[in-house]
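Peer 1: Following is a predicted model, sequence given first.
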Amino acid sequence: MPVNPMNRRDFVQRSAVTGAAVAVAGAVGSGTAEAAGRRPAKTPRTWSFSILGTTDLHSHVFDWDYYTDAAYKDSKGNSVGVARVATLIKQQRAAKGEERVLLVDAGDIIQGTSLAYYFARVDPITDGVKHPMAVAMNHLRYDAAALGNHEFNYGIEVLRKFEQQCRFPLLGANALDAKTLKPAFPPYTVKKICVPGAPDIKVGILGLTNPGIALWDKDNVSGKMVFPGLVEQAKKYVPRLRALGCDVVFLTDHSGLDGSSSYGDELPYVENASNLVAEQVPGIDAILVGHTHVEVASYTVKNAETGEEVLLSEPYCWGYRLSVFDFEVELEHGRWKVVGKTAQTLNPNTVAEDPEIRKLLEADHELVVKYVNTSVGTCTADLSAAESCWKDVPVMDFIHEVQMQTVKAGLSTSDAALPLISVAAPFSRTADIPAGSVTIKDIAGLYIYDNTLYGKKLTGAQLKDYLEYAAKYYHQVPSGTAVDTATLTNANSFWDYMYDTAAGVDYEIDIAQAEGSRIRNLTYGGAAVADDQVFVVAVNNYRANGGSGYPHIAAADIAYSSTNEIRQLMIDYVVGKGTLNPADFAVTNWRLTQAGTAVF
């Protein structure tokens, strides 16, 4: 699951970027014509070119929301989809010259929408079935893309098939074969920009992915691949690119830029390390940043060894923005040297979708629309997730019920004798399962990630630690102070997908208390939970493997595991029941209090 949006701090813009992009030196588009026709009067001493960047597209092809079956809409007026971004890309190439523009992505391409799921599980990509993102990105002539952590969600085989369909390399200098410790994917690629009458400009593009893959997709990569740190691998490959004669070294990192990690000390490598790479590895000119789902138009980091400024930009996610890096280079002693660089982000919400991508992928889109609108049963009441982050609501009990029933059916005789509970996060506050007909999109909108299911064993003391950790999601609100839901949650950069509620036990979260002392009256079956009491906990694979840094769970004994996605288990549950009735769900019975008084 994406470890984002997590780091919401605003980065101070250290290099001013306003107005239009840097003016192109020389006649626009003249390079190829001059090379083919006549030699320039003299060797040019300066040149300019651009690198365009996308990230975290998450299989958003069109400006469409499959969960609502309508055009995408949010409060900020954003649009989504590579089809709109394509229009900006083509505008940039037309303005600056085809031969002066490179196009790069920073990862998380093949997971994130119903379209992604459809072509991974319902009608999987094969030699005859092309992934829509491969079709779109090939059409746009991407030069390279970094591997994102979500590239591994459907297993290495699906990723390899996608890689085969791409006419550009998927880069991962820190994705290594577990046995040989050699790169499992190309670490880098070198592109040449033709300058008539002068040496080509050699641009080395190094790709780095996220070390968290080792945790988040442990089931898919354990024993097959390992993922060392970004800094460590950049120190190895940046000098190699310089030794190959690269005039410009550009990194595409599926890693944020604030030096944080969501998994605590579960791994020895930093999750969001792009700033550390810029600071600690000499020889880098610029970095396209991904993973954290934020917009950082332009940000500079001074390299500690050389004092040179490294330019970074992150274009949000889903096709919300396009990063534009503009470089000015000067010829010195037969080699090109960067003498100027700026970055900005462009918003595609004012341009139309590219008609060629629409034509290429309309049929695929319509297949997915038909799939998500398939009815799977009915529901006796409207089940909304709007208050799921601060109240026990039936729609969350639905998730818990499916997890508990599935784990229960797969336990050994001895483990089946243990008390069974469930933990799950409120992934979407906008999810709603309506009264009446229930479709696949209704369930997909509630459970948006491709998680699988585990049963792990925790003691009562460990369970309390787990719930205390979850409770840091709430800001402290002293007794007698009014509780405002607009400011209550997401303390400590703890986002909704990181916050677990538990079902099968009763407990209170006293938000008047300090963190670590909030769980009150934790009971099971009407009796206080004993420290040495052993529970089987139904939990998704992301959390079970250490995602979000919860205590005890990663090292806990396994009582059950499955490769079936929880979302599909929920669909199967509704199909089997025919009618979804909240009266059938487990009663969670957790509540927020202030000094023992119920908040809601």
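Peer 2: Ah, there it is.
Peer 1: The stretch 201-350 of the chain: helices as residue ranges?
Peer 2: 213-216, 218-221, 230-243, 274-280 (DSSP state H, counting those that start in this stretch).
Peer 1: what sits up against the second one?
Peer 2: The contact list for helix 218-221, computed with CB atoms under 8 Å, 6 or more residues apart in numbering, reads 152-156, 213-214, 227, 452, 541, 545, 561, 563. From N, CA and C alone the C-beta is placed, and that goes for glycine too.
Peer 1: go on, stretch 115-132?
Peer 2: By CB under 8 Å, 6+ apart, stretch 115-132 touches 58-59, 61, 66, 110-111, 133-134, 153-154, 158, 161-162, 165, 361, 364-365, 367-368, 371, 444, 450, 565, 567-568.
Peer 1: any idea of the mean pLDDT for that stretch?
Peer 2: Per-residue pLDDT over stretch 115-132 has a mean of 95.
Peer 1: Could the C-alpha coordinates of it be exported in PDB?
Peer 2: Taking C-alpha atoms only, stretch 115-132 is exported to PDB below (Å, rounded to 0.1, in the frame of the first residue of the first chain):
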ATOM      1  CA  LEU A 115      -8.400  -0.500 -14.300                       C
ATOM      2  CA  ALA A 116      -5.100  -1.600 -12.700                       C
ATOM      3  CA  TYR A 117      -6.800  -4.400 -10.900                       C
ATOM      4  CA  TYR A 118      -8.700  -5.600 -13.900                       C
ATOM      5  CA  PHE A 119      -5.600  -6.000 -16.000                       C
ATOM      6  CA  ALA A 120      -3.800  -7.800 -13.200                       C
ATOM      7  CA  ARG A 121      -6.500 -10.100 -11.900                       C
ATOM      8  CA  VAL A 122      -9.700 -10.200 -14.000                       C
ATOM      9  CA  ASP A 123      -8.100 -10.200 -17.500                       C
ATOM     10  CA  PRO A 124      -4.400 -10.400 -16.800                       C
ATOM     11  CA  ILE A 125      -1.900  -9.000 -19.200                       C
ATOM     12  CA  THR A 126      -0.400 -11.600 -21.500                       C
ATOM     13  CA  ASP A 127       1.300 -11.500 -24.900                       C
ATOM     14  CA  GLY A 128      -2.100 -10.700 -26.400                       C
ATOM     15  CA  VAL A 129      -3.400  -8.400 -23.700                       C
ATOM     16  CA  LYS A 130      -1.500  -5.200 -23.300                       C
ATOM     17  CA  HIS A 131      -1.500  -3.200 -20.100                       C
ATOM     18  CA  PRO A 132      -3.200   0.200 -20.700                       C
END
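Peer 1: List the buried residues of it.
Peer 2: For stretch 115-132, a neighbour-count test (16 or more other CB atoms under 10 Å) marks 115, 116, 117, 118, 119, 120, 125, 130, 131, 132 as buried.
Peer 1: Are we agreed that the fourth one is in a strand?
Peer 2: No: secondary structure of residue 118 (DSSP: H, G, I helix; E, B strand; the rest coil): helix, not part of a strand.
Peer 1: Begin at 317 from now on, thanks
Peer 2: Renumbered: residue one is now 317, and that last one reads residue 434.
Peer 1: if I look at it, how far off is residue 440?
Peer 2: Shown here: residue 434 relative to residue 440, a distance of 9 Å by CB to CB, to the nearest Å.
Peer 1: What about the contacts of stretch 431-448, which are in helices?
Peer 2: Applying DSSP state H to the contacts of stretch 431-448, the entries found in helices are 449-450, 474, 477-478, 481, 677, 680-681, 683-684, 687, 760, 883-884.
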